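# here are the coordinates; sequence isn't available:
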């Protein structure tokens with residue numbers, strides 16, 4: 001999924017300056033952003049209060065939207081470098097095309113994982129014949145320096161491991177490992193992502209790692225995470241230092257738990273690129289705009305023009321750590 005902001009602000013991330021070593025409860029407000037022709041998303045990372053959670057650096061939550069009479073999601077071909085995209089759905093379908101030749105419909109409970117590496121382009125759209133509701137999350141993971149120039153690749157995992165906890169808790173492990181269950185998705189840093197369903201009346205404790213920082217994204221219902229009641233579309237930053245996480249729900253609810261070892265490298269994130277310097281970002285923009293050397297390849301089959309790159313800000317982009 002693309003950042004369709006016409007004036008994207010550069011975001012400096014990484015380092016341990018703002019990593020909270022103790023458990024905290026920081027509720028982060030979302031920014032509403034249009035995505036394509038008929039979809040609005042709630043952008044939760046990067047946020048003025050928090051730039052990253054482990055290697056997770058971008059979170060959009062959308063829906064549930066009634067798109068029965070709408071085209072639904074339509075994100076034209078656009079580039080990425082230095083990151084992974086994670087597509088996760090609760091309702092609807094998304095048709096993925098990319099410049100390495102992938103063509104895949106992603107459905108609820110299935111992992112669509114694209115590793116951009118040095119460069120890739122892709123498009124995302126609702127199929128012509130699609131379900132009435134569209135509801136999901138799009139997330140990005142920053143790649144560490146040693147892996148960010150690898151060849152691009154696409155993974156689709158229709159079957160993912162599940163964890164069943166006490167008191168009505170069920171979890172699907174999207175990436176990484178949770179309570180002994182490991183996702184088949186490729187990761188490059190210690191991290192985890194899980195989709196957690198809480199039945200009405202759930203009162204459970206989920207084992208987590210004290211060396212990871214965590215955040216909880218409420219997808220539906222009204223869950224209570226470590227004593228904080230969360231409405232859908234809320235992101236609660238939890239810090240580090242926990243061995244278990246209390247979870248409650250009075251009604252059927254769902255949330256995503258995202259965590260990881262704090263990302264130590266300093267990075268620059270602008271538009272759909274993650275690099276380490278202004279010159280890297282500038283060159284990527286130029287390569288996409290000019291089509292120079294077909295660095296990002298070509299997406300075949302999408303009915304529409306590629307997404308043009310915004311103008312770079314006048315001030316040079318500099319990595320300065322995870323500024324708050």
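Cool, the structure landed. None of these values were measured; they are calculated from a predicted model.

# residue 102 and residue 87 touch, don't they?
No. If you go by C-beta atoms under 8 Å, residue 102 and residue 87 don't touch, sitting 11.9 Å apart. Using the backbone N, CA and C atoms, a C-beta is placed for each residue, glycine as well.

# any shared contact partners between those two?
Applying C-beta atoms under 8 Å, 6 or more residues apart in numbering, one finds that residue 102 and residue 87 are jointly contacted by 96, 114.

# what helix or strand does the residue nearest the centre of the chain sit in?
Within the chain, one residue has its C-alpha closest to the average C-alpha position: by C-alpha atoms, centre = their mean, that is residue 139, at 0.7 Å. For residue 139, the host element (DSSP states H and E) is strand 133-142.

# and what of residue 121?
Assigning secondary structure by DSSP H and E places residue 121 in strand 120-125.

# just checking, what packs against that strand?
strand 74-80, strand 94-98 (3 or more C-beta pairs under 8 Å, 6 or more residues apart in numbering; DSSP states H and E).

# let's have the ones you listed in CSV, adding distance to residue 269, mean pLDDT and mean neighbour count.
Conversion of the helices and strands packed on strand 120-125 to CSV gives the following (distance: least, C-beta to C-beta, whole Å; pLDDT from 0 to 100; neighbours: other C-beta atoms under 10 Å):
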stretch, distance to residue 269, mean pLDDT, mean neighbour count
strand 74-80, 11, 95, 23
strand 94-98, 20, 98, 22
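
# residue ranges in this protein under the pLDDT threshold?
For the chain, the stretches flagged by pLDDT under 70 are 1-19, 36-38, 292-293, 320-324.

# next, count neighbours for the closest residue to residue 111 other than its chain neighbours.
Nearest in space to residue 111, with sequence neighbours left out and distances taken as C-beta to C-beta, 6 or more residues apart in numbering, is residue 157 at 4.3 Å. In terms of burial, residue 157 registers 18 neighbours under the definition other C-beta atoms under 10 Å.

# am I right that residue 157 is in contact with residue 183?
Yes. Assessed by C-beta under 8 Å, residue 157 is found in contact with residue 183 at 7.3 Å.

# joint contacts of these two?
Counting by C-beta under 8 Å, 6+ apart, the common neighbours of residue 157 and residue 183 are residue 111.

# quick one: secondary structure of residue 289?
What DSSP: H, G, I helix; E, B strand; the rest coil gives for residue 289 is helix.

# may I have the residues that are in contact with the residue nearest to residue 111?
Counting by C-beta under 8 Å, 6+ apart, residue 157 touches 110, 111, 113, 183, 184, 185.

# so can I have CSV of these showing neighbour count, secondary structure and distance to residue 317?
Formatted as CSV, the entries for these read as follows, by neighbours: other C-beta atoms under 10 Å; DSSP: H, G, I helix; E, B strand; the rest coil; distance: C-beta to C-beta, whole Å:
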residue, neighbour count, secondary structure, distance to residue 317
110, 20, coil, 35
111, 24, strand, 31
113, 23, strand, 27
183, 21, coil, 33
184, 13, coil, 35
185, 21, coil, 30
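
# how close does residue 78 get to residue 266?
Counting by C-beta to C-beta, to the nearest Å, the gap from residue 78 to residue 266 is 25 Å.

# and what of residue 44?
Per C-beta to C-beta, residue 44 is found 22 Å from residue 266.

# which of the two has more neighbours?
Taking other C-beta under 10 Å, residue 44 and residue 266 do not tie; residue 44 has more neighbours (24 against 16).

# and the helix or strand containing the more buried one, how far from the chain's centre?
Here residue 44, judged by DSSP H and E, is contained in strand 39-45. Going by C-alpha atoms, centre = their mean, to the nearest Å, the spacing between the C-alpha centre of strand 39-45 and its chain's C-alpha centre is 11 Å.

# give me the helices and strands touching that strand, please.
Counting contacts by 3+ C-beta pairs under 8 Å, 6+ apart, strand 39-45 packs against strand 31-35, strand 56-66.

# fine, thanks again, bye for now.
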